[in-house]
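Peer 1: pasting the sequence and the predicted model now:
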Amino acid sequence: MSTSDKETKFSLRWKQRMEEASTVRKIVAVILSCLLLIMIIGSIAGYLYVKSAMEPVDPDDDTTTDVEIPLGSSTSQIAGILEENGIISNSLVFRFYIKFNNVAEFQAGEYEFSPSMSFDQIVESLQTGTLVKDPILTITIPEGKTIEEIASIYAEKAGIDPEAFIAKTEDAEYLENLIAQHPMILSEEILDPEIRYPLEGYLFAATYDFYVENPTPEKIIDKMLRKTENVLTPYLDSISANDQIGSVHEALTMASLVEKEAQTEKDRKMIAGVFFNRMAENMRLQTDPTVLYALGEHKSRVLFEDLEVESPYNTYQVSGLPVGPISNFGENSLQSVLNPEDTNYMYFVAAEDGTIYYSETFEEHQQLTQKYLHRDAAGE
């Protein structure tokens, strides 16, 4: 090949490469322009979206709605409550607004909000409590109470129909809605047909404020479940990581047993440890409160014949935990379940003065039972 031919060929290749480079630059320029355009459009759309979410839901609607912010509610929970009641249009944007403005220390209570209020007005009210109402009723639900006992307390203090309250806790459609609303604490486990009352154990022991004279069963249940959720949320990871507790339902079931058996923090931890020790050895729990719950009676003493009652709650007859909680619980009982005392004890007996004595063998347990209760021990 001559020198001139080589130069011509090189020139053609160079020209071709320059054209390819030019094409690549054009393509890159188009792509970058498109990306820039998308970013600009996205930024504008995002700005308009956030701006719209921060504006009042309806500037012309001054109608007020009673909105309750339970004690201990997180920012996420407050945002959800406001969105559910139509006071804000977007809970996520409200949460970011709170975060970026370093807002804190909201006050619990029942407020009167309207859809015409801005974020600033809502936040100011939550911080100062300027729109908070005074409670009309204040009702305390003690620890260790059953659904039936809770219904009786509300019947006495708030004038509700106890049968209507209990019926609501058994309403299948209502329960499905509650499970959807509270998926962190409620599951299909509560719908087991062998469970007497699906919400047994889930209505937390606390003092509740009401802002109407005759709260409905739905209002009462919703308030109590929100409280239960607030209490349980910090413990959910511990419950999930617990090898001996398979679910929230089981944690609450065990907590209810501990609640009914012990009066002090020390004994709650000890008894929780005994229960776990027995379960590890495939021994039945044989705890008298489950017999009383199975019988549906209040008795000062469980008789030997009572132990034979056939029920998924009777831990003298069923292995492991009963089918569900037998009462509500106090937070300390739940803490004891998640952090029990590590001992070798397999038995305990409560003397008539309330003192609880522990033992490692059935023979020791028998001796303690005869000494303090003057009768033989049941089971083994």
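Peer 2: Happy to help now that I have it.
Peer 1: output the below-cut-off pLDDT ranges for the stretch 1-150 of the chain.
Peer 2: Of all residues in the stretch 1-150 of the chain, those with pLDDT under 70 make up the ranges 1-15, 18-22, 24, 42-54, 131.
Peer 1: and the chain, what are its domains?
Peer 2: Domain assignment for the chain by automatic domain parsing gives 65-133, 150-233, 245-373.
Peer 1: dump those to JSON lines, plus distance to Leu32 and mean neighbour count.
Peer 2: C-beta coordinates here come from the backbone N, C-alpha and C atoms, glycine included. Shown next, in JSON lines, are these (distance: least, CB to CB, whole Å; neighbours: other CB atoms under 10 Å):
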{"stretch": "domain 65-133", "distance to Leu32": "30", "mean neighbour count": "17"}
{"stretch": "domain 150-233", "distance to Leu32": "45", "mean neighbour count": "17"}
{"stretch": "domain 245-373", "distance to Leu32": "52", "mean neighbour count": "19"}
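Peer 1: so which of those domains is nearest Asp58?
Peer 2: Relative to Asp58, the nearest member of the domains of the chain by CB to CB is domain 65-133, separated by 4.1 Å.
Peer 1: gap between the two ends of the closest one?
Peer 2: 12 Å (CA to CA, to the nearest Å).
Peer 1: gap between it and the chain center?
Peer 2: How far domain 65-133 lies from its chain's middle: 20 Å, per CA atoms, centre = their mean, to the nearest Å.
Peer 1: quick test: name the residue nearest the centre of this protein.
Peer 2: Glu229 (2.8 Å; CA atoms, centre = their mean).
Peer 1: show me what contacts it?
Peer 2: By CB atoms under 8 Å, 6 or more residues apart in numbering, the contact list for Glu229 reads 182, 184-185.
Peer 1: so which of these comes closest to Glu352?
Peer 2: Ile185 (37.3 Å).
Peer 1: now do the helices in the protein.
Peer 2: 3-54, 75-84, 91-100, 119-128, 147-158, 162-169, 172-181, 217-232, 236-241, 248-261, 265-280, 288-295, 331-338, 362-373 (DSSP state H).
Peer 1: out of those, nearest to Leu199?
Peer 2: Leu199 lies closest to helix 162-169 among those, at 4.5 Å (CB to CB).
Peer 1: quick revisit: who wins for proximity to Asn314 among the helices of the chain?
Peer 2: That would be helix 288-295 among those, by CB to CB, at 4.4 Å.
Peer 1: what's the angle between that closest one and helix 248-261?
Peer 2: For helix 288-295 against helix 248-261, the angle by axes from the mean of the first three to the mean of the last three CA atoms, to 10 degrees is 110 degrees.
Peer 1: what does stretch 75-91 contact?
Peer 2: 52-53, 57, 65, 67-70, 73, 92, 94-95, 98-99, 106, 113-115, 117, 119, 122, 126, 226, 230.
Peer 1: straight-line length of that stretch, end to end?
Peer 2: 10 Å.
Peer 1: show me the contacts for Asp62.
Peer 2: By CB under 8 Å, 6+ apart, the neighbours of Asp62 are 114, 116.
Peer 1: try the one 4 residues further on
Peer 2: Applying CB under 8 Å, 6+ apart to Asp66 gives the contacts 110-112, 133, 211.
Peer 1: could you dump those into a markdown table with distance to Ala205 added?
Peer 2: Output for those, formatted as a markdown table (distance: CB to CB, whole Å):
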| residue | distance to Ala205 |
| --- | --- |
| Glu110 | 21 |
| Tyr111 | 25 |
| Glu112 | 29 |
| Lys133 | 24 |
| Tyr211 | 21 |
